[in-house]
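> Next one to model:
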Amino acid sequence: MIKLIQIITIIFAVLLLVKVILRLKNKKLTINESLFWSVMWIFLIILSIFPQISDKIANFFGLGRGLDFFIVSSILLIFYLIFRIYGILQELDSKIVELTRSISLKKISDSKKVDTKQLKSNKKPDIKT
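Sure thing, here's the model as predicted:
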């Protein structure tokens, strides 16, 4: 007999699977990202429908219950995703610093340019600010 939590989990996973498909269609996700998340949500749907599968997987890895396997694997996945996000943030931070330096140097360079019209007319050159 299917339990209420299984129904809620299935609905949740299906909605997120649809969201993945829509984000792929709108080109907000790459094919690899879409594939990763689709597999995750389909796996969750399968485990919700057939919870005994998680017990077999847990026994294979030496864990007592399927829920233990699910919790441990979820924590590991979360740590991996946090690590990836941290790396992306570090890369973005470096790019922002580089861009800021480039813009600052360009502004300094532009502010020191002398108006060529003023030089031709023998006037005292104005420095642009």
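> can you tell me how far the residue nearest to the spatial centre of the chain sits from L67?
For the chain, the residue lying nearest the average C-alpha position, counting by Cα atoms, centre = their mean, turns out to be I85 (6.1 Å). The span separating I85 from L67 equals 26 Å under the rule Cβ to Cβ, to the nearest Å. All C-beta spots, glycine's among them, are computed from the backbone N, C-alpha and C.
> for D55, same thing?
On the measure of Cβ to Cβ, D55 and L67 end up 9 Å apart.
> same check, this time on S73
With Cβ to Cβ as the criterion, S73 and L67 are 11 Å apart.
> Looking at the two, which one has more neighbours?
With other Cβ atoms under 10 Å as the criterion, S73 and L67 differ in neighbour count, and S73 comes out ahead with 16 against 13.
> secondary structure class for that one?
helix (DSSP: H, G, I helix; E, B strand; the rest coil).
> pLDDT wise, what is it at?
Here, the pLDDT recorded for S73 equals 91.
> Likewise for the one 10 residues further on?
pLDDT recorded at F83 is 97.
> Also the one 3 residues further on?
At Y86 the predicted local confidence, pLDDT, stands at 97.
> Please report how far it lies from L76.
Using Cβ to Cβ, which is the criterion applied here, Y86 is 16 Å from L76.
> try I5
Using Cβ to Cβ, which is the criterion applied here, I5 is 23 Å from L76.
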